[in-house]
Structure formats: C-alpha cells, structure tokens
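Trainee: Output the structure for:
(one chain, ligands or ions: 1)
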Amino acid sequence: MVPPGKPSTAPGARRGDVRADVVVLGGGVTGAACAWRLAQRGSRVVLVDPDETAGASRAAAGMLAPVSELHHGEEDLLALCLRAAGGFAGYAAEVAAASGLGTGYRASGTLAVALDAGDRARLARVREVQQALGLEVEALTGRQCRRAEPFLDPAVCGGSLVRGDHQVDPRRLLAGLLTAAERAGVRRVRARGEVVVRDGRAAGVRLPDGSRDGDLPVDRPADLPADVVVLATGARAQRHVPVRPVKGQVARLRMPAGEHVLQRTVRGLVRDREVYLVPREDGELVVGATTEERGFDERVTAGAVHDLLRDAQALVPAVAELELVEVLARCRPGSPDNLPLIGFGGVPGLVLATGQYRNGVLLSGVTADAVAALVHGGDVVPEVAACDPGRFGSPRAAREEVLVP
Ligand code: GLY
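Mentor: Residues are numbered from 1 along each chain as shown. So this is what the prediction gives:
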C-alpha cells in the first residue's frame, strides 16, 4: 500500500485533484470507524458525507445488547454481536484515547420488564431461548425489578436481568471516531458522493454538486479517484444493495440533575408492545423506538411519539415529569436476513459496509476491523465472513457507470 499520509492535492495538480487510496462514503459510526481503521493501517483516506448528523447514528440509542435483542433463528447475527460486545469496552477506550473525547460507554446492564401476565409469559419464552443458547440471563420477580429500579410502576410483574448488555452514547462515539480519524490523517469532504465504476471496477467517487471543501471545486462536479471505495451509507445504499430502510422514531428526554429515574437500560413489554428507555450519565433518557417498514420516510409522527411516551410512562410514571428535548426519525439499514453486508460487492474495488439494521453502533468496530483487513489483504473473523454480500448474488452495481448510494 501507499505510505501513510494525509490525502492532499499533489504539488502541481489541478484544483480538485484529491488523491486517495480509499474513499469512504458515509460519515456515520460505521463509515467513520472504517476511515479511522484504514488510516491506522497506512491508507490515505477521504471520508465523504454531506452531513454526518443526517444518518441513523444520530437517532441510535446505543444499546450494546446482543442478548436482549436476540431474535429466534438469528444465531449468526448473535455470534457477530457477541463478538462485537466482547470487544466494545476496548474499542470505546481506544476511541477515547485517540480522540481525547469520552464515548459515554457504560457497563450498566439491561433489565427487561413485563407489565401484565401476557407480557411476563412472553418474556419467559424469550428467556428460555436465551438460556438454551447458553446466554446469561436471570429471571426476576416484579418486586426484584423494583428493587433494582425503584421508579418502575407497581404493575411491573416480572423481568429478566441481562448483566452483560451495556450501552454507549452514539453521538459522543461518532464525535470521537471523526476526531480520531482526522488525527490519523483522514481528510473529510462534506459533499454528496456517487461511486464511479470504470472498466468494470470502482474507480473513485464523484461529487455531483461539488463540495464545500477548500481544495475542491465549489458548486460544480468533482472527482475523487481512489483504488477502493467503501460504501457505508446505511439505508441510503438501497438503490444498489439489498438493504431496505426500516424507520425508527425516538424521543429524547432530560432527567433533572441528580434525580435519575433509571440506572440502567430498561426494555419493556407493555401489553405486547415493545419500548426501551436508555438513561445516560449526563441525564439524557432516550425512549425508542418504532420499527416501521414504509420506505425512506423520516417524518416524525404524532401517533408514534404518543405511543412511545405512553408506554414509557406505563413502565416509569415519572417519565411524565421529564423535559421532552427532541423527537427524531431515521432509517436503519435492514437486510433480507438481518445480517449486515460486509465485504467486496458487485465490482472489484467496491467494499460494502452496510445492512447493520438494529446493531449499527454495536457493530461499528468489528465492521471497521473487517473492512481494514479486507482492503489490506488480511483475513476477517468467521463471524464477519458470514456477512459476505455474495450470499445475495451480485449487486445491481456491476452494470452501471455511476452508482448513487
Ligand atoms: N437497536 C435498537 C433499535 O434499532 O431500535
């Protein structure tokens, strides 16, 4: 590979000629982590995103919850998520050390609770599946749940404690990753990008609207030639990759200083509906999330916010007193089998890093490690090998000149 160094306009080059080994499209947690890891390996990296606050990372609650988020028949995804969770504390510490910024990582565990007898029976069935797979989960009575979390409603009638499912603050993690990436030499370009395919291989990225960046043309198209393009645009990759947008709406509340209503993540079943509440050290309480299959739609709806807050309040009545700070909708990138797509895809030189669905934050580190290994000719761990995009055949990419992710 080319020796390490910040991608730059070469001496004597025309304005707009920015050279890179790798262009990463998408500046959410996945793209930022990929850019950072690639730069650490010595690649000259450009990270392209018009607005890194516009993607799913912005809405994510940051649950690191392989056990609590387990779904029947998803053992490959479980194995991948367990590997990611096992390494997350080290990954978060590395981001913090490289950036000088905290990530809000908290090893505080998760409590799943049931509001009525039907919910308790459903929770018990989930626990049986978790235990059959050897996962660590403990049955609690309603009283034990309230002892752990005194603000729970007296109607809570049982629960499951998962001591190993933790959390991180995705906004802080992303800020840390972007800073770490820049410190490692990654150049950021704030622009919309399209993958250019030339002679049957990815040849770089085109910026159809130009860029706000100083070295690049403003308001007219520019090209970023590169050997490799990493597509980490989440659900926006849907036109060329088998991912679909799965809308999630979340509300952010604020707990008064020194009066935190929850100590750990609480996931609730409320008359068969699911809700989660993720309390942060700084007093933020994230309430989420809907799961809606309605195409690329990021409108916040009154009904969804009403349902989330009603269910959160049914579990923790004090929620009614908290300040409502923000409501937000973003689209998760769902794949046909809920496993991500990580690996070469469609044409030589194109690496896919999308399809993380409900686990984008948790999987950002293992995805980035895998992408860096692939680009530099190394092996990926078996849990990631199962995510090879080839399992869905060749993406539509191969036949086109310019891909619009
Ligand atoms: N992982 C939680 C969610 O996607 O809503």
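Trainee: any bit of the longest helix belonging to the chain sitting next to the ligand?
Mentor: Residue-count comparison of every helix in the chain, with assignments taken from DSSP state H, identifies helix 75-99 as the longest. No. Legend: contact between helix 75-99 and the ligand by Cβ under 6 Å from any ligand atom is lacking; minimum distance shown is 10.3 Å. Where C-beta positions appear, they are placed from N, C-alpha and C, glycine not excepted.
Trainee: Give the rounded mean pLDDT of that helix.
Mentor: Regarding helix 75-99, the rounded mean pLDDT is 98.
Trainee: buried set for that helix?
Mentor: Residues of helix 75-99 classed as buried: 77-85, 88, 91-92, 94-96, 98-99 (neighbour count, 16 or more other Cβ atoms under 10 Å).
Trainee: now that helix, how far from the chain's geometric center?
Mentor: From the chain centre to the centre of helix 75-99 is a distance of 12 Å (Cα atoms, centre = their mean, to the nearest Å).
Trainee: Would you pull up the residue in the stretch 301-405 of the chain closest to the ligand?
Mentor: Shortest the stretch 301-405 of the chain-to-the ligand distance, computed as Cβ to the nearest ligand atom: residue-wise this is Arg358, at 3.5 Å.
Trainee: now the residue of the stretch 1-150 of the chain found nearest the ligand, which residues is it bridged with?
Mentor: Distances between the stretch 1-150 of the chain and the ligand by Cβ to the nearest ligand atom are smallest at Met63, namely 5.3 Å. Counting by DSSP bridges, Met63 is bridged to Gln167.
Trainee: Report how many residues lie close to it.
Mentor: When counting by other Cβ atoms under 10 Å, one arrives at 25 neighbours for Met63.
Trainee: Use 103 as the first number from now on
Mentor: Taking 103 as the first residue, the last one we looked at is Met165.
Trainee: can you map out the helices along the stretch 153-302 of the chain?
Mentor: For the stretch 153-302 of the chain, helices defined by DSSP state H, counting those that start in this stretch occupy the ranges 177-201, 219-234, 244-250, 272-285.
Trainee: And the first one, what does it pack against?
Mentor: Which is helix 177-201. Using 3 or more Cβ pairs under 8 Å, 6 or more residues apart in numbering; DSSP states H and E as the contact criterion, the elements in contact with helix 177-201 are strand 165-166, helix 272-285, helix 462-477, helix 484-487.
Trainee: Next one: the nearest residue to Ala219 once chain neighbours are set aside from Thr367, what distance?
Mentor: Counting by Cβ to Cβ, 6 or more residues apart in numbering, Cys259 is the residue found nearest to Ala219 once chain neighbours are left out, at 6.7 Å. Noted for Cys259: a distance of 19 Å to Thr367, by Cβ to Cβ, to the nearest Å.
Trainee: between those two, who's got more neighbours?
Mentor: Looking at Cys259 and Thr367 with other Cβ under 10 Å, you find the greater number of neighbours at Thr367, namely 26 against 18.
Trainee: which ones are touching that one?
Mentor: 165, 167, 170, 210-213, 267, 269, 378-381 (Cβ atoms under 8 Å, 6 or more residues apart in numbering).
Trainee: farthest-separated two in those?
Mentor: The distance between the two most remote of the contacts of Thr367 (Cβ to Cβ) is 15.2 Å, for Ser170 and Pro381.
Trainee: what about the strands in the stretch 253-402 of the chain?
Mentor: For the stretch 253-402 of the chain, strands defined by DSSP state E, counting those that start in this stretch occupy the ranges 260-264, 268-269, 289-291, 296-300, 303-309, 324-327, 330-333, 346-356, 367-372, 375-381, 386-390.
Trainee: what lines up beside the fourth one in the sheet?
Mentor: Meaning strand 296-300. If you go by DSSP bridges, strand 296-300 pairs up with strand 303-309 (antiparallel), strand 504-505 (antiparallel).
Trainee: hey, C-alpha coordinates of that strand in PDB?
Mentor: Below are the C-alpha coordinates for strand 296-300, written out as PDB (Å, rounded to 0.1, in the frame of the first residue of the first chain):
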ATOM      1  CA  GLU A 296     -21.500   8.700  -6.000                       C
ATOM      2  CA  VAL A 297     -19.400   5.700  -6.700                       C
ATOM      3  CA  VAL A 298     -17.800   5.800 -10.200                       C
ATOM      4  CA  VAL A 299     -17.400   2.500 -11.900                       C
ATOM      5  CA  ARG A 300     -14.900   2.500 -14.800                       C
END
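Trainee: in it, what counts as buried?
Mentor: Applying a neighbour-count criterion of 16+ other Cβ under 10 Å, one finds 296-299 buried in strand 296-300.
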